[in-house]
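Peer 1: can't give you the sequence, but here's the structure:
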């Protein structure tokens, strides 16, 4: 996916980039396509139908529960479901409590800022890598303290040409390298780590754009907390102006980062620093670099989940992993179902692998101070994985036993649960865009429910998946 809103490098490149970024970040998204309006209308039509079905079959629902309670197996199932519901409710309250206690670290002075090496791996990104590098060069960061490296990971399109153009523009402020062949993002980052001279490494995906203050806000926690080993940036969706999937994902990202990771940060235990924007203390990286580059799963080299793996290994060192809400990067996401589910499968497999890895240390004395928060977060993630198969089996049973009641109760649950996401996004940003929270929940429930069970069953498989799509689009 290539954004077309950013400037051509032929005419006043840096100036046009600044203007385009200003327009992007200040503009108010609008539903531009009739197709999107139809989808939104259909969303609320479905929810209305669901409420009607639930109302009509409410007595059947009560009878359904009564029948389940009348048998030993059914009663056991209902008891387990109640325990899980109470657990989820308590965990939500715990997350909300930590969210309200969270505060991002304010930017420190130029003198206090550490030296940084920004690493941008690229594969078949075309012009987008130029936009990424230009946005980094426009950062409000002391030029003598920043080193920008970009590694072309064996691209077969014109990525290298655009990197050379950026090098010509930026001169000694940018160093570019080519891998002899496509080796994967992890190996491109590994080369950058070994070439970098900064006290802090910043990794930025080549389809991401940073704001002027992103870098200084991202690395400021390292100067305030000597135990800080890594910092996660705040990710928003760049290509969310037209297509409905990016609009949905933008609402989902705000919930995932600004609510969930804020809470995790208050516990010093953010579980994943995103590849789109993350920072790592140099010493923390080199403490685990050999283990990270040689990581395997079931005898196979790990070529996915490099961000989650690095985070896990830094947490294992007993260091803090934080989140900076005020360090924002805008990144491209899939705008078609094929790309979306492939991305989710990759994330799901990584999640399975790293939860297994985390289970091996999280209940040990892996760090000084309280370990309660880290353990609660791990249990929450692990339980979500473990319950995926029982959930799918129950869903299929419910569909066969009473399909209309299933539709009604499921859509009612979506209405209730998605309202929090919608209100959160609406409060933080724009209320009219927040309604995509309901559409996203419907899509995820009915079209992506199979992702986690499939990811568990295929956790040992290798492959980036969406890179094949990038080649086709190039």
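Peer 2: Structure received. Keep in mind that what you see is a predicted model, and the values were worked out from it rather than measured. Residues are numbered from 1 along each chain as shown.
Peer 1: Residue 206 and residue 119 touch, don't they?
Peer 2: No. Residue 206 lies out of contact with residue 119 (C-beta atoms under 8 Å); the separation is 10.3 Å. Any C-beta I mention is one placed from the backbone N, CA and C, and that applies to glycine too.
Peer 1: Pick out whichever of the two has more residues nearby.
Peer 2: residue 206 (30 against 24; other C-beta atoms under 10 Å).
Peer 1: just to revisit the earlier point, please enumerate the shared neighbours of residue 206 and residue 119.
Peer 2: Common contacts of residue 206 and residue 119 (C-beta atoms under 8 Å, 6 or more residues apart in numbering): residue 150.
Peer 1: ok, residues contacting the helix or strand where residue 373 lies?
Peer 2: If you go by DSSP states H and E, residue 373 is part of helix 372-386. Defining contact as C-beta under 8 Å, 6+ apart, one finds that helix 372-386 is touched by 84, 87, 91, 94, 98, 264, 266-269, 271, 315, 351-352, 355, 358-359, 362-363, 367, 452, 456.
Peer 1: just the buried members of those?
Peer 2: Neighbour-count burial (16 or more other C-beta atoms under 10 Å) applied to the contacts of helix 372-386 gives 94, 98, 264, 266-269, 271, 315, 351-352, 355, 358, 362, 367, 452, 456.
Peer 1: In helices only, show me those.
Peer 2: 94, 98, 264, 266, 315, 351, 352, 355, 358, 452, 456 (DSSP state H).
Peer 1: Mind naming the longest strand for the protein?
Peer 2: strand 320-331 (DSSP state E).
Peer 1: Next, the angle helix 372-386 makes with it.
Peer 2: 50 degrees (axes from the mean of the first three to the mean of the last three C-alpha atoms, to 10 degrees).
Peer 1: Go ahead and list the helix or strand containing residue 160.
Peer 2: helix 159-170.
Peer 1: The spatially most central residue of the chain - nearest residue in space that isn't next to it in sequence?
Peer 2: Nearest to the geometric centre of the chain sits residue 274, at 5.8 Å (C-alpha atoms, centre = their mean). Excluding the flanking residues, the one nearest residue 274 by C-beta to C-beta, 6 or more residues apart in numbering is residue 235, at 5.4 Å.
Peer 1: same check, this time on residue 388
Peer 2: Per C-beta to C-beta, 6+ apart, closest to residue 388 is residue 452, 4.1 Å.
Peer 1: The stretch 201-350 of the chain: strands as residue ranges?
Peer 2: 208-210, 228-237, 277-281, 296-297, 300-301, 320-331 (DSSP state E, counting those that start in this stretch).
Peer 1: Now the weakest link among these, please, by mean pLDDT.
Peer 2: Comparing mean pLDDT across these, the lowest value falls on strand 300-301: a mean of 92.
Peer 1: so what's residue 162 up against?
Peer 2: 9, 125, 126, 127, 129, 130.
Peer 1: For residue 118, give the beta-bridge partners.
Peer 2: residue 148, residue 202 (DSSP bridges).
Peer 1: quick thing: my sequence starts at 316, can you match it?
Peer 2: I'll keep to 316 as the first residue from here, and by that count the last item is residue 433.
Peer 1: if I pick it, what's in contact with it?
Peer 2: 451, 461, 462, 463, 464, 517, 518, 519, 530.
Peer 1: In a helix, residue 736, correct?
Peer 2: Yes. Under DSSP: H, G, I helix; E, B strand; the rest coil, residue 736 falls within a helix.
Peer 1: On the pLDDT front, check it for me.
Peer 2: Value listed for residue 736 in the pLDDT field: 95.
Peer 1: What of residue 379?
Peer 2: 67.
Peer 1: now the one 3 residues further on
Peer 2: The predicted structure scores residue 382 at 68 on the pLDDT scale.
Peer 1: Residue 706 now?
Peer 2: So residue 706 comes in at 88 (pLDDT).
Peer 1: host element of it?
Peer 2: Per DSSP H and E: helix 703-716 holds residue 706.
Peer 1: For the closest residue to residue 447 other than its chain neighbours, give its distance to residue 381.
Peer 2: Leaving aside its chain neighbours, residue 447 sits nearest to residue 521 (5.3 Å; criterion: C-beta to C-beta, 6+ apart). In this view, residue 521 and residue 381 are 57 Å apart by C-beta to C-beta, to the nearest Å.
Peer 1: Also residue 529?
Peer 2: From residue 529 over to residue 381 (counting by C-beta to C-beta), the distance is 56 Å.
Peer 1: Tell me how many other residues crowd the residue nearest to residue 478 when sequence neighbours are not counted.
Peer 2: Distance criterion C-beta to C-beta, 6+ apart; nearest residue to residue 478, sequence neighbours excluded, is residue 491 at 4.7 Å. Residue 491: 19 surrounding residues under other C-beta under 10 Å.
Peer 1: still on that earlier bit, check which residues of the helix holding residue 475 are buried.
Peer 2: 474, 475, 477, 478, 480, 481, 482, 484, 485.
Peer 1: Give the next helix or strand downstream of it.
Peer 2: Helix 474-485 is succeeded, C-terminally, by strand 489-493 (DSSP H and E).
Peer 1: counting contacts, what elements does the following helix or strand past that next one pack onto?
Peer 2: Once strand 489-493 ends, the next helix or strand along the chain (criterion: DSSP H and E) is helix 500-510. When contacts are defined as 3 or more C-beta pairs under 8 Å, 6 or more residues apart in numbering; DSSP states H and E, helix 500-510 sits against strand 431-437, strand 461-467, strand 489-493, strand 515-519, helix 597-608, helix 621-631.
Peer 1: can we see that at 7 Å?
Peer 2: Packing partners of helix 500-510 (3 or more C-beta pairs under 7 Å, 6 or more residues apart in numbering; DSSP states H and E): strand 431-437, strand 461-467, helix 597-608, helix 621-631.
Peer 1: Please identify the deepest-packed of those.
Peer 2: For these, the largest average neighbour count (mean count of other C-beta atoms under 10 Å) is found in strand 431-437, namely a mean of 26.
Peer 1: can you tell me which of the helices and strands packed on helix 500-510 comes nearest to residue 387?
Peer 2: Closest to residue 387 of the helices and strands packed on helix 500-510 is helix 621-631 (C-beta to C-beta; 40.7 Å).
Peer 1: So which of the buried residues of helix 474-485 is the closest to residue 615?
Peer 2: Using C-beta to C-beta, these come closest to residue 615 at residue 474, 27.4 Å.
Peer 1: now the strands of the stretch 516-665 of the chain as JSON lines including distance to residue 468 and mean neighbour count?
Peer 2: Formatted as JSON lines, the strands of the stretch 516-665 of the chain follow (distance: least, C-beta to C-beta, whole Å; neighbours: other C-beta atoms under 10 Å):
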{"stretch": "strand 523-525", "distance to residue 468": "16", "mean neighbour count": "27"}
{"stretch": "strand 543-552", "distance to residue 468": "21", "mean neighbour count": "26"}
{"stretch": "strand 592-596", "distance to residue 468": "18", "mean neighbour count": "27"}
{"stretch": "strand 611-612", "distance to residue 468": "20", "mean neighbour count": "16"}
{"stretch": "strand 615-616", "distance to residue 468": "15", "mean neighbour count": "12"}
{"stretch": "strand 635-646", "distance to residue 468": "17", "mean neighbour count": "24"}
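Peer 1: Out of those, which is closest to residue 742?
Peer 2: strand 635-646 (13.9 Å).
Peer 1: hang on, the earlier thing: tell me the bridge partners for the residue nearest to residue 589.
Peer 2: In beta-bridge terms (that is, DSSP bridges), residue 550 pairs with residue 644.
Peer 1: Appreciated, that's everything.
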